[in-house]
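In: would you be able to build a 3D model of this:
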Amino acid sequence: SAIAILASQSPDRLNLLKQIVRDPQVIVSNFEENLSKDLPVEDFVIQTATGKLDVVVEELKKNQTPFDYIIAADTVIHFDNEIICKPKDDEDARNTIRRLSGTSHEVYTGLAIYYKNGSRTSLVEKTIVTFRDLPQSTIDA
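Out: Sure, this is the predicted structure:
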């Protein structure tokens, strides 16, 4: 069966991949996620996913690690013309959820895939998410 590598430490991404691939391997990318948030959101997520991917591709080639394909992704929230990345800590997460309470926002995921024959593909998926008004107790939970 195919050797799938996930360039992500996200347990959710790994669980999703396990639904369609047998025994995916995880190799976390040390790509520094510091792109300008002034980029269009689609470019931001694709360039971040591609950056994560390229680091792992180089590492696997250098170590001659076998693989059939490598998958990397990046997900951000787009709200009020701002790119919101993964929260730094619990307080940051609470502040973001408080901002989004009672509103609709966009969630963008950029996906980048590299195949062992050297070809690559990428795509962006946008989902609109609406939060009802959330009580503080729910936000804290």
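In: what helix or strand is the residue nearest to residue 84 when sequence neighbours are not counted located in?
Out: Excluding its sequence neighbours, the residue lying closest to residue 84 (Cβ to Cβ, 6 or more residues apart in numbering) is residue 77, at 4.1 Å. (Glycine included, C-beta is placed from N, CA and C.) In this assignment (DSSP states H and E), residue 77 forms part of strand 69-79.
In: centre of the chain versus that strand, how much separation?
Out: 3 Å (Cα atoms, centre = their mean, to the nearest Å).
In: what's the spacing between the closest residue to residue 83 other than its chain neighbours and residue 50?
Out: The shortest distance from residue 83 to any non-neighbouring residue, by Cβ to Cβ, 6+ apart, is to residue 37 (4.4 Å). Here residue 37 is placed at a distance of 17 Å from residue 50 (Cβ to Cβ, to the nearest Å).
In: please apply the same query to residue 102.
Out: Counting by Cβ to Cβ - residue 102 and residue 50 are separated by 35 Å.
In: and residue 37 and residue 50? which has more neighbours close in?
Out: Using other Cβ atoms under 10 Å as the criterion, residue 37 and residue 50 rank with residue 50 on top: 20 against 12.
In: quick one: list the elements packing against the helix or strand hosting the more buried one.
Out: In this structure, residue 50 is located in helix 41-62 according to DSSP H and E. For helix 41-62, the contact count by 3 or more Cβ pairs under 8 Å, 6 or more residues apart in numbering; DSSP states H and E identifies strand 69-79, strand 104-115, strand 120-130 as packing neighbours.
In: so it versus strand 120-130, what angle?
Out: 140 degrees (axes from the mean of the first three to the mean of the last three Cα atoms, to 10 degrees).
In: alright, that wraps it up for me.
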